[in-house]
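**Q** with the input below, show me the fold.
(chains A and B)
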Amino acid sequence: MAAVPAEASRRDRTIRLVLRLIAVAIAVAAVIDPVITSPRRAKPLIAVVPVDRVSDSALAARVVAALADDYTVFPARLGIADATVLVGVGLPASDDGVTRPTVAVYAEAAVRIEHVSAPLRSSLHAPAQVRTTLLRAAGFNSPVAVQLLANGVIVDQQRVVFPDGASRHQLSLSFVPSAPGAVALRVRVQVASANPGAGGQASTTDALAHVDHLLEVHDQRRRVLVFDARPSFMSTFVRRALERDTRLLVESRVITSRDVSTSTGTPPERLSNRAAGHEYDVLVIGAPQVLTSAEVAALETFLRERGGSVLLLLDAAERGAYEQLLGVTSWRSRRVDRGAIVRWPSHDQLTLRAAEHYWPSTLRPGARVVALGAATHGDSAVARDDAAPLLWRASVGVGEVLVSGALDAWRYRDSELSGFDRVWPQLVFEAAGRAVPEISITLDRSVLAPGEQTGITVVVRDAALGQRVQRGAAFARANAPIAARLSAAEATVLAALEVARHAERDSSDSAESEPSEVVPLRLLPSGPAGVLRGVVRAPFSGSSARVVVSVNNRRVSVPLAIDAGRGIESTDNRELLSAWTTSRGGWAMSERELSTLASRLSASLEIAARPAPWRPMRSLWWMLPFALALSAEWWLRRRGGLA
Amino acid sequence: MNDQSIAGTHDQGDGAMTTRSRTTSQDVRAVISFLQRISTRRATLTGAYGAAVGATVGVLLSLVGETAVGLALRSLSLALAGAAVGAAVGYIYIKVSATSWAHFVEQRAPECANVVVTAHEIMLREARLARGASAPETTQVSEGASPRSGASPRVAALVYQEAARVLGTLQPAGLLPSRAAFAAVAVSAAIVALVVARDTTPVRTVLQSARTVVSPNVARIDGVRIMIAPPAYTRLPARQLQDSSRVDVLAGSELTLQVQAHADSLLVQTVAGSERIASSARNQFVVRLPAREDGFIVLQPLMNGGTDGARRLIGITVVPDAPPRVRITQPARDTRLSDAGATLAVSVAADDDIGLASLRLRYTKVSGSGERFSFDDGEVPLDLTRASPTEWTARAQWSLAPLALEPGDLVVYRAVAVDTRPGAPAQESDALIAEMVAVGGDAAAGFDIDPEFERYAVSQAMVVLKTERLIAAMGGMSRDSISAASQELAVEQRKVRAEFVFMMGGELADEHGHDGSLDDLGEEAEAEAEDDILAGRLENQGRVALMRAVRAMSRATSALNAVEVASALTSEKAALAQIELAFSRSRILLRALSVREALDLSRRLSGDLTDARSDRRAQVSAEPDPRVIALQRELSRIAGIAGAPRMDAADASELAAIADELLQQSPMSDSLQAVASTVSNAAGAAANGQFTDARTSLERAALSLAQLLQRELPVASQAAPRLEQQQLDGVLTDALRAAVGGPRGSR
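**A** Reported below is the predicted structural model:
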């Protein structure tokens, strides 16, 4: 009988020993923390990047939640990520740190603003056009009210009913400036009620989308030189029409004979000098038929190196050296009794009348028709087969040449018959708007939330266009080494952000007020010569600021608005986004398809097995056997009366 | 089949009835009578409902439209008409509807226990059988049952008797109570009464008294009655408007404003200025003013020692009495005659917006050559047809034989109409020409009609003649008429002068005034030539004579513009003498011809180049339109207040000032009046603390003003393209040109 207890006691001792050894082994292994390297499939690393830090953050959080189970998610750009998910409908300011494949996830809305095109600066004496493209979701059929607000006040609005089958609608809103200074414009889209309210205002409900834009209204005039190679009725009357326009500052020279001329202002004596007229935005050339080859060459220099616009006012069906500029070899002409109406396909309000027509037999490649005239004095010139391009334009370098073949339009100046007085100033003003400024500053976004960043692009014209350009060589120049591009700039560029001291009710003097804070900005050469880019961060204090750029002591500035309440902004260019992501091996998808994102990513990611370190003792599960072993060992000792 | 026909069926058998059957017939009559009473009551009550609804709709419709005096009568009329229509519709609807009144009674009175329905069905069947119109019986008839009704006469009599008894205990008023209908009528009547009475003096008085008690020291306008008296010659009736913010009146009307205001005085502001007027009676102010031009009236009640009241703005649009329109509808073109004794069929049509006073056909015979023309005037009798006071036509068979026309002579004729407005100038139709063709061709090429430009043939001699006629007629003309006639002559003189200046190479001035540029000639060239004349450098005496003639014409034009007709005649005759010196042979009948476009450019800039020197002129800098600048300033102020985070009562005064300044900019502009009115409303709302309403009005005003300015400014400009796009365009164009092998540029 005594052998049995002894045998049991030995067995318990053995078991207790084994349990203690197990616990000690676990503890020792944990202290050692061994590393085992083996080929393994690791969890993919996905970078989730909101395009707009303010407006896209909520959707970004939902995307992170959808991916968190299957992927390692990093909520910012990461150059080593296996894929990048962009959140929002816009393109990122740059692709730095955006890895491939790139997937875009955008929020779905009933109506979105696909694109807004508005000038950054506008004359006080003319309305500014805000062109807006709307995109509606499938199944949304309600009319919408599109409103343009200036500093919070509705200044224009339109009611839009999408035609059946059309998902896009383009419209133009007009902003009428009332005072110089920065104006915060907002294009707002709302669902309109069936019946417009009193005063023609559309009754509206909640906003579907909006886009902010900062416009600077100025009272500066565009400089125009009217140069008549010989006295010309056409040019004379055009000049007088230009001189009556408050948006233009006109200087002129009429060559009446050798060494004899009549001038206003301080125009150049001759055009043959290469740098002649570079201080003007537009050159209006009267009687270009008598220009010499040297003068035509100077005009080409003006177009290519100054980036200005040239308007050739032909007044006789004569050929000359000016054809070298146009690339036209043969012309047609005709005479229409009592003058035919010349219409602008793009401007219903603008018409001319001319009886003598002169136009190229074949428009040069790249030329675009501005206005058409018919063979009779009927009103429907635009729709007629015999319509002739009496006003057309073509690019010459970055400049633009406009040609008028309405030879005797000056005869029809009666406002009842012709829009002579309106057409030419408008044409010249728009041409001046296309002239490249000496220094241009472009902000990717001009209304920011405090702390928000945006890109800034500065173009120094003389550096960008100043090299002697050979035709077709512009791309090669753009790809030249950075050192060459830097040396080509030959300019000292300083940039700073000047924050206004306090908000002004009337922003007209904001440009002149003393700033409370000046933050230096860093600009780096980017892309072609003369182009510099940088980043501006909106300050947390203040309500407005100006980005100031000085090039060789010439100072130019643009306003920047800081709006703490900046809401959801929904400029939508979905097709471009889709194309861009596809080019990067990804795709664009709606928020409605978010549930499929993880599986689609899994299918598109090729995660190969690769050697990876494994530290087995870092699992918390080891605590369980460790505790069990110690507990069992203690229980056996207690049962044997040892504890 | 209705209940009346059922009763008739039972009456037909009365002759053979026993006492019981007579009793049955009485029961049947009782049942039918009760059902008819129910039907009539239901129709009556529905008619009452209809009347209530119709009256309410009618009186509400009366509120739509212009707030004219006489609202009470109009509202009452519309309410009564609506009530009549509604009652008729309700009554007829019930009467023509196929309602079973027996079932209706059973539903309303369950104690009938279907006996009424049963009685009614038996009656229907008996009536159908009695008329032989019933379908063949398909149901089994029990033994002893009546072959006609399916029920034995005894049972039918019992049913009739029971139905009559039950119905005898019921009252139609109990089944169809009238309380709801009376309530509807009462509510409708109350609404009608409120609307009708809101314009009546007692109600207004009560409301005004209440306001006075609540705010005794705040001035206010309670009502403005505008009485418009059109000019007497129009024979149009006077009309009245109540509390209207806009008045459209015929020019010459007299406006009388009766302003009911709780105020010590009333500030009246018009285009002409401001005036403070006292009350003519208790709280009554009367303002009288003639309506001669577009404008506005601003009324502001003032309180001594209290608070001045909100302004009330009334826009005035004056519609001028349009001149009559007259045209020659036959022959409607110039005529060339080969026979001096021809007869010309002439038809004339004239119309006017108010009324025509006279219509005549006048002619001038022109004969002679050179500048030695003779002009004979005359009038052709017309056969008038007055279709209405505003539309007249006339015909004439005009024999030219008495004029004794010779080859080369011509007759210029035109119709002349005058409307009923006193002192109104006569309006002439286009002048047509009847010309005797001269042997060998067109003798009067200068009178060829250019269809695009005006048709008047004017010569210096004609200007002289017209001036002489004006001088002769001045004694019987008003000062305004003389001035108008003199101005017309100035225009004609200017045209003649223009032709001469143009002939001499005078430069066209590029002045774009209201009357176009083609007739405006540069003074510079003429002045320079005058220097040459004085220096004796011009040896061509013909040119000198013409230059002097032009100068004389200029003096004549100036004199005619200044209504110095006698002085003008002297200058005109001097010009004519100079013309005769220059052209002794050809006759100078001048008119505006399109051939002026055929300029000989070689005549421009002529001279000796060795004497030429460069010239520098002052640079022109266009000044913006002051009106546009002012409107932009007001828009900026409105937007500043509307867009501000807070609005307070102090903004009200600024808004009132903005409204005034807007009106000052262009009182005759309807759209600007509307904007000013909206801003004025916003000022009133802000003054009363209703800032939300004020902001809404301001946004509406800002939008309207922006749209107004948009029409004044040039076409909107678009965003400039990006440099990258321009570079791409340029490179692409160069590449395309190189590909097609076009001519190279200069480099």
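**Q** separation between residue B:205 and residue A:591?
**A** To residue A:591, residue B:205 is 66 Å away according to C-beta to C-beta, to the nearest Å. Any C-beta I mention is one placed from the backbone N, CA and C, and that applies to glycine too.
**Q** grab the longest strand from chain B for me.
**A** Secondary structure assigned by DSSP state E gives strand B:356-369 as the longest strand of chain B.
**Q** which other residues reach that one?
**A** B:324, B:326, B:346, B:348, B:350, B:373-380, B:382, B:384, B:386, B:389-392, B:394, B:396, B:398, B:403, B:405-406, B:408-420, B:587 (C-beta atoms under 8 Å, 6 or more residues apart in numbering or on different chains).
**Q** residue B:348 is in contact with residue B:429, correct?
**A** Yes. Here residue B:429 reaches residue B:348: they are 7.2 Å apart, a contact under C-beta atoms under 8 Å.
**Q** and the two? Which one has more around it.
**A** Applying other C-beta atoms under 10 Å in any protein chain shown to residue B:429 and residue B:348 shows that residue B:348 carries more neighbours, namely 25 against 21.
**Q** which secondary structure element is home to the more buried one?
**A** With elements delineated by DSSP states H and E, residue B:348 resides in strand B:343-351, which encompasses its position.
**Q** let me know the secondary structure of residue 298.
**A** All of this is about chain A. The three-state assignment at residue A:298 reads helix, by DSSP: H, G, I helix; E, B strand; the rest coil.
**Q** right idea, wrong chain: chain B
**A** Following three-state DSSP, residue B:298 is assigned to strand.
**Q** how close does the residue lying closest to it once chain neighbours are set aside get to chain A?
**A** For residue B:298, ignoring the flanking residues on the chain, the nearest one in space by C-beta to C-beta, 6 or more residues apart in numbering or on different chains is residue B:269 at 4.0 Å. Residue B:269 sits 25 Å away from chain A when distances are taken as C-beta to the nearest C-beta, to the nearest Å.
**Q** surely residue B:269 touches residue B:300?
**A** Yes. Contact status for residue B:269 versus residue B:300: in contact at 7.4 Å, counting by C-beta under 8 Å.
**Q** tell me which of those two has more neighbours.
**A** Looking at residue B:269 and residue B:300 with other C-beta under 10 Å, you find the greater number of neighbours at residue B:300, namely 22 against 19.
**Q** tell me who's in contact with the more buried one.
**A** Residues near residue B:300 by C-beta under 8 Å, 6+ apart: B:266-267, B:269, B:308-312.
**Q** mind listing what the nearest residue to residue B:168 once chain neighbours are set aside touches?
**A** Counting by C-beta to C-beta, 6+ apart, the nearest residue to residue B:168 once its immediate chain neighbours are dropped is residue B:30, at 6.9 Å. For residue B:30, the contact set (C-beta under 8 Å, 6+ apart) comprises B:164, B:167-168.
**Q** if we can go back for a sec, just the buried ones among the contacts of strand B:356-369, please.
**A** Among the contacts of strand B:356-369, those classed as buried by 16 or more other C-beta atoms under 10 Å in any protein chain shown are B:324, B:326, B:346, B:348, B:350, B:373, B:375, B:380, B:382, B:390, B:392, B:394, B:396, B:398, B:403, B:405, B:408-420, B:587.
**Q** what is the neighbour count of residue A:240?
**A** Burial measure for residue A:240: 20 neighbouring residues, criterion other C-beta under 10 Å.
**Q** just checking, it is part of a helix?
**A** Yes. Under the criterion used here (three-state DSSP), residue A:240 sits inside a helix.
**Q** returning to that earlier point: and for residue B:429 and residue B:348, which residues touch both?
**A** With C-beta under 8 Å, 6+ apart applied, the overlap between the contact sets of residue B:429 and residue B:348 consists of B:326-328, B:415.
**Q** now for these, which pair is the farthest apart?
**A** For the shared contacts of residue B:429 and residue B:348, with distances taken as C-beta to C-beta, the pair at the greatest spread is B:326 and B:328 (8.1 Å).
**Q** what touches both of these two?
**A** Common neighbours of residue B:326 and residue B:328 (C-beta under 8 Å, 6+ apart) are B:348, B:415, B:429.
**Q** and which of those is nearest to chain A?
**A** Checking the shared contacts of residue B:326 and residue B:328 against chain A by C-beta to the nearest C-beta gives residue B:429 as the nearest, at 21.5 Å.
**Q** skipping its backbone neighbours, what lies nearest residue B:737 in space?
**A** Residue B:737 sits nearest to residue A:327 (C-beta to C-beta, 6+ apart), 5.2 Å away.
**Q** pLDDT score for the one you found?
**A** pLDDT, the model's per-residue confidence, is 84 for residue A:327.
**Q** ok, the contacts of residue B:30 vs chain A, which is closest?
**A** Nearest to chain A among the contacts of residue B:30: residue B:167, at 53.9 Å, using C-beta to the nearest C-beta.
**Q** quick check: that closest one touching residue B:105?
**A** Yes. Checked against C-beta under 8 Å, the pair residue B:167 and residue B:105 is within contact range at 7.5 Å.
**Q** overlap in contacts, these two.
**A** Shared contacts of residue B:167 and residue B:105, defined by C-beta under 8 Å, 6+ apart, are found at B:34, B:112, B:116.
**Q** name the SS class of the last one, please.
**A** What three-state DSSP gives for residue B:116 is helix.
**Q** make sure residue A:280 is indeed in a helix.
**A** No. Remark: residue A:280 does not belong to a helix; assigned using three-state DSSP, it is coil.
**Q** residues contacting it?
**A** Residue A:280 touches A:223-225, A:251, A:308, counting by C-beta under 8 Å, 6+ apart.
**Q** go with 6 Å
**A** A:223, A:225 (C-beta atoms under 6 Å, 6 or more residues apart in numbering or on different chains).
**Q** where's it relative to chain B, distance?
**A** To chain B, residue A:280 is 13 Å away according to C-beta to the nearest C-beta.
**Q** need phi/psi at that residue.
**A** For residue A:280, the backbone dihedrals are phi -100, psi 150 (criterion: degrees, to the nearest 10).
**Q** pLDDT score for it?
**A** The predicted local confidence for residue A:280 comes out at a pLDDT of 93.
**Q** next, the nearest residue to residue B:621 once chain neighbours are set aside: secondary structure please.
**A** Across the structure, with C-beta to C-beta, 6+ apart as the measure, the residue nearest residue B:621 apart from its sequence neighbours is residue A:249 (6.5 Å). When the structure is split into helix, strand and coil by three-state DSSP, residue A:249 lands in strand.
**Q** what bridges to residue A:249?
**A** As for beta bridges, residue A:249 partners with residue A:223 under DSSP bridges.
**Q** that one touches residue A:221, doesn't it?
**A** Yes. Contact between residue A:249 and residue A:221 holds when scored by C-beta atoms under 6 Å: they sit 4.0 Å apart.
**Q** host element of the residue lying closest to residue A:117 once chain neighbours are set aside?
**A** Sequence neighbours aside, residue A:131 is the residue nearest to residue A:117 in space, at 4.4 Å (criterion: C-beta to C-beta, 6+ apart). Taking DSSP H and E as the definition, residue A:131 sits inside strand A:128-136.
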